[in-house]
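Can you look at this prediction? I've put the sequence above it.
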Amino acid sequence: MSNKDININENNNIDKQIFKHTQQKCIICGENSYCTLNVHRIIPGKDSGTYTKYNCTNICSNCHAKVHNGEIVIDKYYNSTKGLLLRVIINGEEKFV
């Protein structure tokens, strides 16, 4: 994920429309319909989370509802030998995507 690819402004906020286009699919289920994709803040807005490069991910509206219902947990990005991976917990099973 480079800054140039997702168009970060002077406040480090992303352009959500460009983010959806560059990330192209739901990180949970792989849905790739632009119309169903949502830019999700990992740290919620109510907890001062902002739309920044390392606090956002693309998820479809179905998975987004599951996140807000507690069925899916999106933790945070971790550095790995494969680059940045996002830790998610789905039905009690930990995954790095």
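Cool, the structure landed. Numbering: from 1, shown residues only.

Okay, strands next: where are they in this structure?
In the chain, the strands defined using DSSP state E lie at 37-41, 56-60, 72-80, 83-90, 93-96.

Give me the neighbour count for residue 74.
The tally of other residues near residue 74 (other C-beta atoms under 10 Å) stands at 22. For glycine as for every other residue, the C-beta is placed from the backbone atoms N, C-alpha and C.

what's the closest of the strands of the chain to residue 15?
strand 37-41 (9.7 Å; C-beta to C-beta).

How about the contacts made by the spatially closest residue to residue 41 that is not a sequence neighbour?
Spatial nearest neighbour of residue 41, excluding adjacent residues (C-beta to C-beta, 6 or more residues apart in numbering): residue 49 at 4.3 Å. Shown in contact with residue 49 (C-beta atoms under 8 Å, 6 or more residues apart in numbering): 41-43, 55.

the bottom helix or strand of this structure by mean pLDDT?
Lowest by mean pLDDT, DSSP states H and E among the helices and strands of the chain is helix 3-6, with a mean of 44.

Now do the residue nearest in space to the middle of the chain, the pLDDT please.
Closest to where the C-alpha atoms of the chain average out (C-alpha atoms, centre = their mean) is residue 57, at 1.1 Å. Residue 57 carries a pLDDT value of 94.

Isn't it up against residue 42?
Yes. In this structure residue 57 lies within contact range of residue 42 using C-beta atoms under 8 Å: 6.6 Å.
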